[in-house]
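J.: model this:
(one chain, ligands or ions: 2)
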Amino acid sequence: MTAKPLFTRVLLKASGEALMGSQGFGIDVAVADRIAGDIAEARRMGVEVGVVVGGGNIFRGVAVASKGGDRVTGDHMGMLATVINALALATSLRKLDIDTVVLSAIAMPEICESFSQRAALHHLAQGRVVIFAGGTGNPFFTTDSAAALRAAEIGAQAIFKGTQVDGIYSADPKKDPHATRFERLTHDEVLQKGLAVMDVAAVALARENHIPIIVFSIHEKGGFGEILSGAGRMTIVTDN
Ligand SMILES: Nc1ncnc2c1ncn2[C@@H]1O[C@H](COP(=O)(O)OP(=O)(O)O)[C@@H](O)[C@H]1O
Ligand SMILES: O=c1ccn([C@@H]2O[C@H](COP(=O)(O)OP(=O)(O)O)[C@@H](O)[C@H]2O)c(=O)[nH]1
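T.: Numbers count the residues shown, from 1 in each chain. Ligands and ions are numbered 1, 2, ... in the order given. Model prediction:
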């Protein structure tokens, strides 16, 4: 991929669920390696990349709450799951000789650096891929909200939500085969139409900070590089 990217600094939200591949649980190393390859391509294009990883392949807090357990403890477990995924993705990136650092919202200094905006900006300026682990560090949030938050903190030009589907549809395409894909939407339209590809808090935070959201399929090899060049299937969400 030699095409000129349209962005110089972006935030990639990598779905936790995508990392499990066809296994149904945990991390499929081949998938982590492939996603790392796509991030490496973005680096070769000269794009600075921050990554927020999800944890849904390992644990979601609501799973505890739905069985009568404590939601906050469940969310703590979910945030720890994102750290596991961040370490796996960092390992895959380092195998490709991509300089990578993991910054966690929850301090665990024996394992990785703690998040601070200053550290993130420093590492990005040094050309490192920065993986943001631990979500926002708070229960009752999601890694989509963490993506919007970190994007604002690092001054990312856009949030790239790499997910299971190739854009935002009129309804959940996994449930409604007649759902149609939007090419463009505004943040307001996503919220007003209740399009549930990202949670409301994440979309609202992106809207407030005028950060576009680009939803694309993370399963498409080379897809991230293509999307960075303005090609490929996606939905673009902007202010107007
Ligand atoms: N209107 C919609 N357009 C696209 N996807 C939707 C829509 N409504 C619900 N979804 C679902 O949202 C999912 C993405 O959200 P999420 O569970 O946060 O995934 P992840 O964080 O793993 O990327 C998609 O896989 C899709 O099935
Ligand atoms: O700021 C955050 C981010 C995540 N989580 C927890 O971590 C889990 C995994 O994150 P998410 O569901 O966003 O992962 P993804 O859907 O991207 O795989 C969530 O279900 C929450 O329990 C949380 O409590 N606060």
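
J.: contacts and neighbour counts: CA atoms only from here.
T.: Will do.

J.: Burial check on H178, number of neighbours?
T.: By other Cα atoms under 10 Å, the residues close to H178 number 12.

J.: just the one 3 residues further on next, same as before
T.: One way to gauge burial is a neighbour count; for R181, by other Cα under 10 Å, it gives 18.

J.: Was I right to think it contacts S170?
T.: Yes: taking Cα atoms under 8 Å as the definition, R181 is a contact partner of S170 at 6.4 Å.

J.: Dead centre of the chain: give me the residue that sits there.
T.: K13 (0.9 Å; Cα atoms, centre = their mean).

J.: So what does it look like in phi/psi?
T.: Backbone torsions of K13, given as degrees, to the nearest 10, read phi -100, psi 110.

J.: For it, give its distance to A119.
T.: 19 Å (Cα to Cα, to the nearest Å).

J.: Check R60 too.
T.: Taken as Cα to Cα, the span from R60 to A119 is 28 Å.

J.: go on, T8?
T.: When T8 is compared with A119 (using Cα to Cα), they lie 19 Å apart.

J.: For G137, which non-adjacent residue is spatially closest?
T.: A105 (4.9 Å; Cα to Cα, 6 or more residues apart in numbering).

J.: residues near the one you found, how many?
T.: Count around A105 with other Cα under 10 Å applied: 20.

J.: Is it in contact with G134, as I believe?
T.: Yes: A105 lies in contact with G134 (Cα under 8 Å); the separation is 5.0 Å.

J.: Give me every residue in this protein lying close to ligand 1.
T.: 15-17, 163-165, 167-172, 174, 195-198 (Cα under 6 Å from any ligand atom).

J.: Which secondary structure state does H122 sit in?
T.: helix (DSSP: H, G, I helix; E, B strand; the rest coil).

J.: gap between it and G135?
T.: From H122 to G135 the distance is 20 Å (Cα to Cα).

J.: the more surrounded of those two?
T.: Between H122 and G135, counted using other Cα under 10 Å, G135 has the larger neighbour count: 31 against 13.

J.: give the contact list for the more buried one.
T.: Counting by Cα atoms under 8 Å, 6 or more residues apart in numbering, G135 makes contact with 52-54, 79, 82, 104-105, 141-143, 145-147.

J.: Point out the ones among these that are inside helices.
T.: Using DSSP state H, the subset of those located in helices is 79, 82, 143, 145-147.

J.: okay, R60 and A119: which has more neighbours?
T.: R60 (21 against 15).

J.: quick one: the more buried one from ligand 1, how far?
T.: The spacing between R60 and ligand 1, counted by Cα to the nearest ligand atom, to the nearest Å, is 10 Å.

J.: Could I get the phi/psi values of that residue?
T.: phi -120, psi 140.

J.: Next one, pLDDT for H187 please.
T.: Looking at H187, its pLDDT is 98.

J.: OK, contacts around it?
T.: 203-204, 206-207, 237-239.

J.: same check, this time on T180
T.: 169-171, 173 are the contacts of T180 under Cα under 8 Å, 6+ apart.

J.: and what of V49?
T.: By Cα under 8 Å, 6+ apart, the neighbours of V49 are 9-12, 39, 42-43, 124, 128-130.
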